[in-house]
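Participant: I'll drop the sequence and a predicted model, then ask my questions.
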Amino acid sequence: MKYMFVIFLLYITLQYIFGSTDFKGYFKCTQSDQSTSPEEDGYTNDLDTATELVTSTPSCPTNMVYSLCACQHTCDEPETCIWTCCREMNACICPHSLFLNSNECVTKRECGCFLSSQDIIIPVNKTHATPTCDSVCHCKNGKLLSCDVIYCDAYSQCVQRSAFVDNNGKEIFEGKCVRIQDCQSILDAELWFGEDSYKVYPYGLPDVALEVYCKITSPNGTVSTMIQRKLAASPTFHLGWLLFKDGFGSPTDEFWIGNDNLHYLTAQSHYRLRINMETDVGKLYYATYDNFVVDDELNGYEVTLGNFNGTVDCNAMDTHNHQKFSTLDRDNDNHVHQNCAMKNRAGWWYDACDKANLNGEVIEWSCFPKDESIALSEMFIDRDSPSI
């Protein structure tokens, strides 16, 4: 009777410590125990004392070993190490070289989405692009589907992005076709090799490459597409409609990207306009406008400007918003008696006439400091209005 009482006390003690009557070989823990440290879970030396009371060694499933608990790699998620037992306790686990698949341990070759040609396991419902980015293999519901050829059109680049590295140091890649539509996509397609000219293919543009100049325009590394560059006291921009339509000049000197090109570029996504202005003493100012759009030729290349921001004191482009483009031979401004493009010797989006004219012989911004003059203006567009 005395022994029965001692056994009963032992039973009550173990139930109090572990909150469970399951003492078959090793102790189970809750889901929260698996994602926190032993100290946070309240595991102390008392566990060691209690564990000593368990004398039987469990019979583990196939290929498992009874050892100190360690995180497991699975066939479904080979890149993730998951906890299936209480830390700092013995449990049935897979050896390091094997993967947990349901309730058994298997070699990676036995996983359903093992790709022998690359010696990797593709995670469930993920894809893997070959090193040459010419085909992609799919893992669907734990089974490897056939690999498909990646067809990127002439205007796109197949990009092989590293998704993760598995527990054997093998990289898993994702492949996708990236349309080379502007300078941002040059960066996205991992074709960026510095500020320079690149070929892009804006949506809707006839089947020819557009050469653009890509430049980093802000401290956070924004890569922008140059659309204009103008030096003061130069008459270069006193030109006709067709030249402004097609574009002219060099981005390293004076430059206009062309109104047709500007329309196709801004029609394909949400763009921000950035205007950089440098004074004759090297001081820098900028202005930005989100939701920048240039309409087509049928609508006179009308410009739309969104919210203003910048280091200049005023929004000098406010009266130019929703204005059509004017040149020396095409008067689309709101002035009753004269052609503003002739008066200012430059094509621009005039009202009647201007508070800002970045194409004029005298580069204008109405609220610019009186003791400073603008020696250089540059205009850029970039996608998605990144922060400055």
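Facilitator: Noted; the coordinates are in hand.

Participant: Quickly list the domain ranges of this protein.
Facilitator: Annotated domains of the chain cover 2-109, 112-178, 183-383 [automatic domain parsing].

Participant: okay, those domains in TSV with mean pLDDT and mean neighbour count next?
Facilitator: Quick note: C-beta positions are derived from backbone N, CA and C, even for glycine. What follows is the domains of the chain, written out as TSV (pLDDT from 0 to 100; neighbours: other C-beta atoms under 10 Å):
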stretch	mean pLDDT	mean neighbour count
domain 2-109	62	14
domain 112-178	76	16
domain 183-383	94	18
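
Participant: What helix or strand is Y264 located in?
Facilitator: helix 259-267 (DSSP states H and E).

Participant: That helix - contacts with which helices or strands?
Facilitator: In terms of contacts (3 or more C-beta pairs under 8 Å, 6 or more residues apart in numbering; DSSP states H and E), helix 259-267 is packed against strand 223-231, helix 241-246, strand 293-294.

Participant: What pairs with the longest one, parallel or antiparallel?
Facilitator: Each strand that strand 223-231 pairs with, and the sense of that pairing, follows from DSSP bridges: strand 210-216 (antiparallel), strand 255-256 (antiparallel), strand 374-383 (antiparallel).

Participant: can you check the last one too?
Facilitator: In its sheet, strand 293-294 lies beside strand 303-304 (antiparallel), with partners assigned from DSSP bridges.

Participant: who's in contact with the partner strand?
Facilitator: Contacts with strand 303-304, where a contact means C-beta atoms under 8 Å, 6 or more residues apart in numbering, come from N291, F292, V293, V294, D295, H320, N321, H322, Q323, F325, W349.

Participant: so which of the strands paired with strand 223-231 comes closest to Q228?
Facilitator: Across the strands paired with strand 223-231, Q228 has its closest neighbour in strand 374-383 (3.8 Å, C-beta to C-beta).

Participant: how far is that closest one from where the chain is centred?
Facilitator: Strand 374-383 has its C-alpha centroid displaced from the chain centroid by 24 Å (C-alpha atoms, centre = their mean, to the nearest Å).

Participant: Helices of the protein, start to end?
Facilitator: Ranges of helices in the chain, per DSSP state H, are 2-18, 31-34, 45-51, 183-188, 241-246, 259-267, 340-344.

Participant: In JSON lines: the helices and strands packed on helix 259-267, plus distance to K143.
Facilitator: JSON lines is the format used below for the helices and strands packed on helix 259-267 (distance: least, C-beta to C-beta, whole Å):
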{"stretch": "strand 223-231", "distance to K143": "41"}
{"stretch": "helix 241-246", "distance to K143": "54"}
{"stretch": "strand 293-294", "distance to K143": "47"}
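
Participant: so which of these gets nearest P202?
Facilitator: Among the helices and strands packed on helix 259-267, the nearest to P202 by C-beta to C-beta is strand 223-231 (9.7 Å).

Participant: angle of that closest one against helix 259-267?
Facilitator: Interaxial angle, strand 223-231 versus helix 259-267 (axes from the mean of the first three to the mean of the last three C-alpha atoms, to 10 degrees): 150 degrees.

Participant: ok, and what's touching strand 223-231?
Facilitator: With C-beta under 8 Å, 6+ apart as the criterion, strand 223-231 contacts 182-184, 186-187, 192, 200, 212-217, 236-237, 249, 251, 253-257, 262, 265, 274, 358-359, 363, 375-382.
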